[in-house]
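Q: Okay, structure incoming, though there's no sequence with it:
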């Protein structure tokens, strides 16, 4: 790069859908992904849903020559699924696990078990410090009645806060991942507004790929067609976002997506399309000043909107906390009644045994089961309430600060 | 501060032991703490174990005039217990919850329910950016056989990483809290080595208070005397640590601790002693360069030592994961056997019912209970293994980087 003030950086982002035993033709696809990454020689590769550490290790071995540096982020029961491959040395890493991530009892959705997180790797290229973030937010299972919206909003907020607080010494910030939000959703607007990140798709000089930059398309043989019925072109939920912090400018020269099938194969790399950006990074005389006043006015609106949604989630969580607490108390009362009945029988107060032994014991076990379950759920929803309250409070502080600024 | 290049900052740190229903004379002590804080007019007040939000609200009302800015950090079932009062505006906050924090089934210890975290508040005083961290690490219940040492080490490591990554734009870093580690413990050496933080007690020009700066002393009527038997003077586990990052120097002019009872009262503020530091912050020509080579040699030793302990915890967690998994499988097999027996009886394969109905049902309920419990524990220990592996891997990376440096 000596003598040339412009750095060209090629970034690859993909939700790999590599769930052991569940994802179709997983090993074959991971092999295809590896082959393509080795062929294309990107500078940075950001992957999600690499749930199996074996898949990561296989990729690491395969890509060792082109991408000598890599990191796998561990968290949750299954793992975070996040990993990064880099042509340049990784100087440091940090993982932040989102405080809310769905419900452990929603086994059919399973997000809770994945320990959804944001991973940060710090890379220095040609003397420029890059803070590279990779993340995967909670899935949206029903757009009309999205029970997880408050959790996803808390995650978007925590993601923005994490980026803001950890990127202060960076020259350039890059974020890649499956955000599970459409471009106009409040969570995306919150994330972009609060961090100043720009959308590579919207900024790209050239674009090539699925129409509207969609990354979940009906054309892909692994997507569930019924889920995409309201969106004939597909939806765009995978992003590469960027911004320059210090005296640099970043431009997106080109953005590409894959389009359903891997080149020359009958299957795609994943049920998501990959996003590939070519960025140009250039040093400039002085840091660019944003037009604060309008941006902050819009930001205040977005934060207010997000706070309302978090408030809705808070009230739902409070209701759940209350009903599970009441259930636990009722089960405890039933158990106490049974204990009293047994004690009564023991000291001879009862004329006869009112219940047959079998039903009596079954009832006791049922009561114990409900008590344990309801207590567990009550504790869980208590934590949920605390985290939603904490986020609402932080948003209130930010709104106050935005209003107080001259 | 205009015209005067030296800023004097007075910091107060206390583990308040304010657990609702459990802590002795809680409300009276919280009142005493509030009175004293109002009288003394510190610049920054860092509190731990303020578990009741009501206590925080009461303090906020009482201290509103001297400390117009404050923040309470919410997390876990009970809360983080952390809060900050400040004479200067709080610009921003962030909470990081430690990934490991004891075991939910150790009800008698209860740390798990508190969602132990580190809270960050950013304060600007006379143009100097202060990153102020407040935290409380997992308690040590038995020094000889400390089952929580790996978890506390992971917390110390995550605390250090969090401080390093979030403080890059700060001028001065301050950390106050109950670290539950003696000054020579590996966790403290790890934290100090990896962040460069300095111990106010060791650096103080003047000291006044309990001998050796102890903060858990036999002289305090609320401490458990038997636990302090091996330490006649008490132990030092509450700290104020600091460092300057950019072109500033920080000196500790004075360090004080309380000494058992609140002035003019028959009871102390808490079962811990408060730590009060007076720091002098001065701008200097250029950033101070540390003597890297020796410092990094020692750091490598400390990280190696900590990694060994994390490895011990990892193997224990793996054993637990295995035994709970085996227990779940056995319970499942028992249940399957019972289902087979019932099916056999239904299709008339059995000559007679081998068990009485009552014992048969009780056994089934027992098996279901054990299956659920063992599965839950198995999931928990799987997460524990992941986080310990992640920390070990991060430490390995750091050691590699330390070795690779010229």
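A: That came through fine. Computed from a prediction, not measured in an experiment: that's the story for all the values here. Numbers count the residues shown, from 1 in each chain, chains lettered A, B, ... in the order given.

Q: From here on, just use CA atoms for contacts and neighbour counts.
A: Fine.

Q: Quickly run through the sheet partners of the longest strand seen in chain A, with directions.
A: In chain A, assigned by DSSP state E, the strand with the most residues is strand A:6-18. Paired with strand A:6-18 in the same sheet, following DSSP bridges, are strand A:44-50 (parallel), strand A:275-283 (antiparallel).

Q: What's the mean pLDDT across the longest one?
A: Same thing as strand A:275-283. Average pLDDT, strand A:275-283: 95.

Q: can you redo the strands paired with strand A:6-18 as TSV with distance to residue A:395?
A: Shown next, in TSV, are the strands paired with strand A:6-18 (distance: least, CA to CA, whole Å):
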stretch	distance to residue A:395
strand A:44-50	28
strand A:275-283	31
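
Q: okay, these, which one's buried deepest?
A: strand A:44-50 (a mean of 23; mean count of other CA atoms under 10 Å in any protein chain shown).

Q: Helix or strand next in line after it, which one?
A: Remark: after strand A:44-50, the chain's next helix or strand is helix A:53-63, criterion DSSP states H and E.

Q: which other helices and strands contact the next helix or strand after that following helix?
A: Later in the chain than helix A:53-63, the nearest helix or strand by DSSP H and E is strand A:69-72. Strand A:69-72 is packed against strand A:83-86, with contacts defined by 3 or more CA pairs under 8 Å, 6 or more residues apart in numbering or on different chains; DSSP states H and E.

Q: Figure out how far the next helix or strand after the strand it packs on is from the centre of its chain.
A: With elements assigned by DSSP H and E, the helix or strand that comes after strand A:83-86 is strand A:90-97. Mean-position distance between strand A:90-97 and its chain equals 16 Å (CA atoms, centre = their mean, to the nearest Å).

Q: And strand A:90-97, what's buried?
A: Buried residues in strand A:90-97, counting neighbours by 16 or more other CA atoms under 10 Å in any protein chain shown, are found at A:90, A:92-97.

Q: same question, stretch A:369-384
A: Buried residues in stretch A:369-384, counting neighbours by 16+ other CA under 10 Å, are found at A:369-372, A:374-375, A:377-384.

Q: A strand includes residue A:42, no?
A: No - checked against DSSP: H, G, I helix; E, B strand; the rest coil, residue A:42 lies outside a strand; its state is coil.

Q: Not counting residues beside it along the chain, what's closest to residue A:23?
A: Among residues not flanking residue A:23 along the chain, residue A:17 sits closest, at 6.4 Å (CA to CA, 6 or more residues apart in numbering or on different chains).

Q: Now for residue A:162, how many residues are close by?
A: Here the number of neighbours of residue A:162 (other CA atoms under 10 Å in any protein chain shown) works out to 22.

Q: what sits against it?
A: Contact partners of residue A:162, counting by CA atoms under 8 Å, 6 or more residues apart in numbering or on different chains, are A:96, B:94.

Q: Please, which helix or strand holds residue A:160?
A: Residue A:160 belongs to helix A:149-166 when elements are defined using DSSP H and E.

Q: So for that helix, what gets flagged as buried?
A: Result for helix A:149-166 [16+ other CA under 10 Å]: buried residues A:149-163, A:165-166.

Q: cool, stretch A:127-142 as well?
A: Quick answer for stretch A:127-142 (16+ other CA under 10 Å): A:128-140.

Q: Would you mind listing what in chain A touches chain B?
A: A:73-79, A:93-94, A:96-97, A:99, A:161-162, A:165-169, A:357-358, A:361-362, A:365, A:369, A:379-380, A:382-383, A:386-387, A:389-390, A:394 (CA under 8 Å from any CA of the partner chain).

Q: now, which of these lie within helices?
A: Secondary structure from DSSP state H places A:161-162, A:165-166, A:357-358, A:361-362, A:365, A:369, A:379-380, A:382-383, A:386-387, A:389-390, A:394 of those in helices.

Q: domains for chain A, by residue range?
A: According to the TED database, chain A comprises the domains A:7-289, A:294-404.

Q: tell me the angle the longest helix along chain A makes with helix A:149-166.
A: As assigned by DSSP H, the longest helix anywhere in chain A is helix A:292-346. Going by axes from the mean of the first three to the mean of the last three CA atoms, to 10 degrees, helix A:292-346 is angled at 120 degrees with respect to helix A:149-166.

Q: State the mean pLDDT of helix A:292-346.
A: On average, helix A:292-346 scores 88.

Q: hang on, the earlier thing: C-terminal to the helix holding residue A:160, what's the next element?
A: Heading C-terminal from helix A:149-166 (DSSP H and E), you reach strand A:172-178.

Q: got the angle for that following strand vs strand A:44-50?
A: 30 degrees.

Q: Contacts for strand A:172-178, please.
A: Contacts of strand A:172-178 from elsewhere in the structure, counted by CA under 8 Å, 6+ apart, are A:13-15, A:46-48, A:128-137, A:167, A:197, A:237-246, A:248, A:250.

Q: Centre-most residue in chain A?
A: Centroid check for chain A by CA atoms, centre = their mean gives residue A:137 as the closest residue, at 1.7 Å.

Q: I figured that one hits residue A:187, correct?
A: No - judged on CA atoms under 8 Å, residue A:137 makes no contact with residue A:187 at a distance of 10.5 Å.

Q: who touches both of the two?
A: A:152, A:156.

Q: so what's the residue in the stretch 201-350 of chain A that chain B sits nearest to up against?
A: Going by CA to the nearest CA, chain B is nearest to residue A:321 of the stretch 201-350 of chain A, at 11.3 Å. By CA under 8 Å, 6+ apart, residue A:321 lies in contact with A:377-379, A:381-382.

Q: mind running it again at 6 Å?
A: By CA atoms under 6 Å, 6 or more residues apart in numbering or on different chains, the contact list for residue A:321 reads A:378, A:381.

Q: before we move on, back to that, and of the strands paired with strand A:6-18, who's closest to residue B:35?
A: strand A:44-50 (52.7 Å; CA to CA).

Q: Without its sequence neighbours, what residue ends up closest to the residue in the stretch 151-300 of chain A that chain B sits nearest to?
A: Closest contact between the stretch 151-300 of chain A and chain B, by CA to the nearest CA, is at residue A:166 (4.6 Å). The shortest distance from residue A:166 to any non-neighbouring residue, by CA to CA, 6+ apart, is to residue B:166 (4.6 Å).

Q: Where does pLDDT dip in chain A?
A: Counting by pLDDT under 70, chain A shows low-confidence ranges at A:1-4, A:285-297, A:349-355, A:406.

Q: Can you classify residue A:261 as helix, strand or coil?
A: Put simply, residue A:261 is coil when judged by three-state DSSP.

Q: again, but for the one 10 residues further on
A: Put simply, residue A:271 is coil when judged by three-state DSSP.

Q: Good, we can wrap up now.
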